[in-house]
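[1] fold the following and give me the result.
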Amino acid sequence: MASDPEHEQALRGSGYRGGVVAEEQAQTLLQVLNLVRSGSAVTRPDLVRSSELGRAVITQRLEQLIELDLIVEGDVLAVPRGRSPRGLQFNKLRGFVLAADIGAQGMFVGLADLAGGILERVYLPNDISTGPEETLKTVIAEFDKILHNRQIFDVHLWGIGISIPGPVEFATGRAVSPPIMPGWNEFDIRGVMQDRYNVPVWIDNDVNVMALGELRAGAAVDHSDIVVVKISTGIGAGLVSNGVLHRGAQGSAGDIGHVKVSDDPTIQCRCGNTGCLEALASGWALARRGAELAARGESPFLAERAELRPLAAADVVAGAVSGDRASVVLMTESARLVGDTLARIVNFFNPSLILLGGRLMLAGDAYLATVRNIVYSRSLPLATRELVIAKVALGERAALHGATALALDEIFRPAYFAAWAGENRVPPVLPTEGREPRVTEG
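    This next block holds a predicted model:
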């Protein structure tokens, strides 16, 4: 093959010299890898047919991926005629990623393989208002337990994905003025976790991560333009455009909870503004308004619960499910406001799918039906012609799948992949303020 002009040209243009991988080469390496990862190609002939790369380039890229232990050759496959090829498999156990979905009152922590399969999933109660040190201490303790139980050490751990319930500047992984996270503003989450595990860490807000989960393993698998809305303690939206999560310039895209929906100056939001959607329709708003109704004797159901402890959104949801009239009114008003806000997004963004998730969706189908009616009645006919509005398919599992996808998407991003693949090492940690990136031998 050395005299093959196609092979020689591929070698000259590959950028692969002594362990160095150029970004252009990383593109074709990932093209071959992703065909095998997705199951679109299971043999070398499949790769030639499924890609626009020449046979010699395919051969070279496969050799590199086999050397990286990302692809392994399996048994000889039986074919109707011709030489029987060996099967190709993505080595999903080449590395692992840790994931954490940190919520306002609890967290899911887990371990996944390189194919995104969740191998371990644990729920832990946690009050995020205790601050970042205590919360991350809980995350680290559970991560350590998972790694110890599975006997997976740093050499196998490739990255960590974390979601938090507040605005995140994606480039730095820091929360910025999060309304329900006292003490978290500008806290160096990434630095703490990278110092502990010496692998790269990515952080994003919970609804973006939920959108990634639904896109990779949920109801949005076959959609390219979607809006995922989380209606819980707060309200936010994850936007996916042409199959790619849209974060915006700083990472704050989709923060619909702070769209103004009322001119009443007395409706104070936790962000400091007035009239926000979150101040009227979110879980914390419903808890506040429910407490007011209970105090006035307008809801015996809520008044009875308020005698035991401060009311929460879950009490209003339970009241609506049980038929308590005041709770039903509160939930209906919330759904109308959310639907009206989503109608504006539909007219502007034209998604094919809207998915609703979060605690308020536990109230049953009435909430979803109200949102649908508002969106369909207040959006342009063309924008709603094929629009589907449904609940998230993965439920509370969505964010953990998404946190896993968050890490894997970045690890296998061409520019980042090029930075580590040629050295056959696990990815270097990301730079944080006052710290130098390090590399762990793999």
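[2] isn't residue 422 right up against residue 65?
    No - at 12.0 Å, residue 422 and residue 65 do not qualify as touching, with contact defined as C-beta atoms under 8 Å. (Glycine included, C-beta is placed from N, CA and C.)
[3] look up phi and psi at residue 280.
    In terms of degrees, to the nearest 10, the main-chain angles of residue 280 are phi -120, psi -30.
[4] please name the nearest non-neighbouring residue to it.
    The shortest distance from residue 280 to any residue that is not its chain neighbour, by C-beta to C-beta, 6 or more residues apart in numbering, is 5.7 Å, and that residue is residue 337.
[5] now residue 240
    On the basis of C-beta to C-beta, 6+ apart, the spatially nearest residue to residue 240 that is not a chain neighbour turns out to be residue 226, at 4.5 Å.
[6] now for the one you found: which residues touch it?
    For residue 226, the residues meeting the contact criterion (C-beta atoms under 8 Å, 6 or more residues apart in numbering) are 211, 214-215, 220, 239-240, 351-355.
[7] so the chain: which segments form each domain?
    Described in terms of automatic domain parsing, the domain architecture of the chain consists of the residue ranges 5-90, 96-211+398-413, 221-393.
[8] make CSV out of those domains and add mean pLDDT.
    Below are these laid out as CSV (pLDDT from 0 to 100):
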stretch, mean pLDDT
domain 5-90, 75
domain 96-211+398-413, 94
domain 221-393, 95
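[9] return the most buried member of those domains.
    Each of these was assessed for mean neighbour count using mean count of other C-beta atoms under 10 Å. The highest is domain 96-211+398-413, with a mean of 21.
[10] quick revisit: could you dump the domains of the chain into JSON lines with distance to residue 431 added?
    Compiled in JSON lines, these are given as follows (distance: least, C-beta to C-beta, whole Å):
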{"stretch": "domain 5-90", "distance to residue 431": "19"}
{"stretch": "domain 96-211+398-413", "distance to residue 431": "9"}
{"stretch": "domain 221-393", "distance to residue 431": "17"}
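[11] returning to what we had before: quick one: which of the contacts of residue 226 sit in strands?
    Assignment to strands by DSSP state E places the following of those there: 239-240, 353-355.
[12] how close does residue 411 get to residue 221?
    Using C-beta to C-beta, to the nearest Å, one obtains 21 Å as the distance from residue 411 to residue 221.
[13] what does stretch 119-135 rub up against?
    By C-beta under 8 Å, 6+ apart, the list of residues contacting stretch 119-135 from outside reads 96, 102-113, 138, 142, 146, 150, 164-165, 180-184, 187, 189, 192, 397, 400.
[14] if you set the cut-off to 7 Å instead, what comes out?
    Outside of stretch 119-135, the residues that reach it under the criterion C-beta atoms under 7 Å, 6 or more residues apart in numbering are 102, 104-113, 138, 142, 146, 165, 180-184, 187, 189, 400.
[15] what do you get for stretch 369-389?
    Outside stretch 369-389, the residues within contact range by C-beta under 7 Å, 6+ apart are 332, 335-336, 338-340, 342-343, 346-347, 350-354, 356.
[16] closest one of those to residue 230?
    Nearest to residue 230 among the contacts of stretch 369-389, counting by C-beta to C-beta, is residue 356 at 8.2 Å.
[17] so the closest one bridges to which residues?
    Under the criterion DSSP bridges, residue 356 forms beta bridges with residue 229, residue 391.
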